[in-house]
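# Show me how the following folds:
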Amino acid sequence: MIVDNFVDYVKINVKSGSGGKGSTHLRREKYIPKGGPDGGDGGRGGHVIIRANPQLWTLFTFKFKKHFKAGNGGDGSGSRKSGLKGKDVVVEVPYGTIIKDSISDKVIEEIIFASIQTKAKIVTMDERENGIRAILNFGHTFGHAIEAHGKYKKILHGEAIAKGMKIASKISYLENLITEKDHTKIIDLLHLYEFDLSLNQYKFQKLKPYIFRDKKIKAGRLNLVLLDQVSNAVVTNSFNIRNLQKGFKD
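Below you'll find the model as predicted:
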């Protein structure tokens, strides 16, 4: 055994692929004037798969390659044609390797299981999406507006939602729901995942029409998903409209 080649701890960066965009194509045939929508779904993003390999005994190769990114899914098209699946990336490791999230220091399997449990509990409580389920959409009101403004071509869904989370966090702070310290903590967390959080290319007045088409509008009033503490979302239609505009300022 060459001791210099034995490495038992490494830190790597992995990113799954983004899903492709669904098609809004309408069916058109000579004798069917109103054929209706027939756009296909976007292809799923590629997975990053961790696979144990009995032939490996060290993490030495990760000293030279630390970044792994799966392929993005293809866009859907007419005739209900789904987009191509993103290419998976397989990362091989020795048996017995334990994978942890570098931020929380928790084992990845535990994080995923806890997240699925939380989401399943909320969806079961509100299967028709008439109440508490809205808290799962933190950042979506603004993220969807950014996507729609760019005609779903200029930004990936996950990146748009990250920007939406930044805006919603800023509004939460301006509404005195969270402290400046908590607001900074949330933004720092988003930066750790290397999201592009720049907002200077977006103008509130141009995004406003898309914001006010959000599915969470009830009785003509916009409901926002904000935070009253880190990791605790609340749904409210009581907010200062001026703070929406301020939320878009870097």
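
# Next, the contact list for I122, please.
Residues near I122 by CB atoms under 8 Å, 6 or more residues apart in numbering: 132-133, 135-136. Quick note: C-beta positions are derived from backbone N, CA and C, even for glycine.

# Derive a PyMOL selection command for the buried subset of those.
Buried residues within these, by 16 or more other CB atoms under 10 Å, are selected in PyMOL with:
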select buried, resi 133+135
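
# Closest one to K246 out of the contacts of I122, please.
I135 (22.9 Å; CB to CB).

# and of the contacts of I122, the nearest to Y9?
Of the contacts of I122, the one sitting nearest to Y9 (CB to CB) turns out to be L136, at 34.9 Å.

# I'd assumed the closest one was in a helix, is it?
Yes. Checked against DSSP: H, G, I helix; E, B strand; the rest coil, L136 lies within a helix.

# Just confirm it contacts K119, I think it does.
Yes. Using CB atoms under 8 Å, L136 is in contact with K119, at 6.5 Å.

# Contact partners for the closest residue to A70 other than its chain neighbours?
Distances taken as CB to CB, 6 or more residues apart in numbering place G46 nearest to A70, at 3.0 Å, with adjacent residues excluded. G46 makes contacts with 16-17, 70-73, 85-89, as judged by CB under 8 Å, 6+ apart.

# got those as a markdown table, with pLDDT columns?
Output for the contacts of G46, formatted as a markdown table (pLDDT from 0 to 100):
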| residue | pLDDT |
| --- | --- |
| S16 | 87 |
| G17 | 88 |
| A70 | 92 |
| G71 | 92 |
| N72 | 91 |
| G73 | 88 |
| K85 | 86 |
| G86 | 89 |
| K87 | 90 |
| D88 | 90 |
| V89 | 91 |
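
# May I ask which two of those are separated the most?
The distance between the two most remote of the contacts of G46 (CB to CB) is 13.8 Å, for G73 and V89.

# Which one's more surrounded, these two?
G73 (23 against 18; other CB atoms under 10 Å).

# thought the more buried one was touching S16?
No. With contact taken as CB under 8 Å, G73 and S16 are classed as non-touching, separated by 10.3 Å.

# Name the residues contacting each of the two.
Counting by CB under 8 Å, 6+ apart, the residues touching both G73 and S16 are 45-46.

# Could you look up the SS state of the residue nearest the centre of the chain?
The residue lying closest to the centre of the chain (CA atoms, centre = their mean) is G158, at 3.5 Å. Secondary structure assignment for G158 (three-state DSSP): helix.

# For it, list the residues it contacts.
G158 sits next to 18, 195 when contact means CB under 8 Å, 6+ apart.

# Next, the buried residues of stretch 46-64.
Buried positions in stretch 46-64, judged by neighbour count with 16+ other CB under 10 Å: 46-48, 58-59, 62.

# For it, list the C-alpha coordinates in CSV.
This file holds the C-alpha atoms of stretch 46-64, laid out as CSV (Å, rounded to 0.1, in the frame of the first residue of the first chain):
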residue,chain,number,x,y,z
GLY,A,46,-29.9,14.2,-14.6
HIS,A,47,-29.0,12.5,-11.3
VAL,A,48,-25.7,12.4,-9.5
ILE,A,49,-25.4,8.8,-8.4
ILE,A,50,-23.0,7.6,-5.7
ARG,A,51,-22.0,4.0,-6.4
ALA,A,52,-19.8,1.8,-4.2
ASN,A,53,-17.0,0.1,-6.0
PRO,A,54,-15.2,-2.8,-4.3
GLN,A,55,-12.1,-2.2,-6.4
LEU,A,56,-11.5,1.2,-4.7
TRP,A,57,-9.8,1.6,-1.4
THR,A,58,-9.0,5.4,-1.3
LEU,A,59,-10.6,8.7,-2.2
PHE,A,60,-7.3,9.8,-3.8
THR,A,61,-8.8,10.6,-7.2
PHE,A,62,-11.1,13.3,-5.7
LYS,A,63,-8.0,15.3,-4.9
PHE,A,64,-7.9,16.2,-8.6
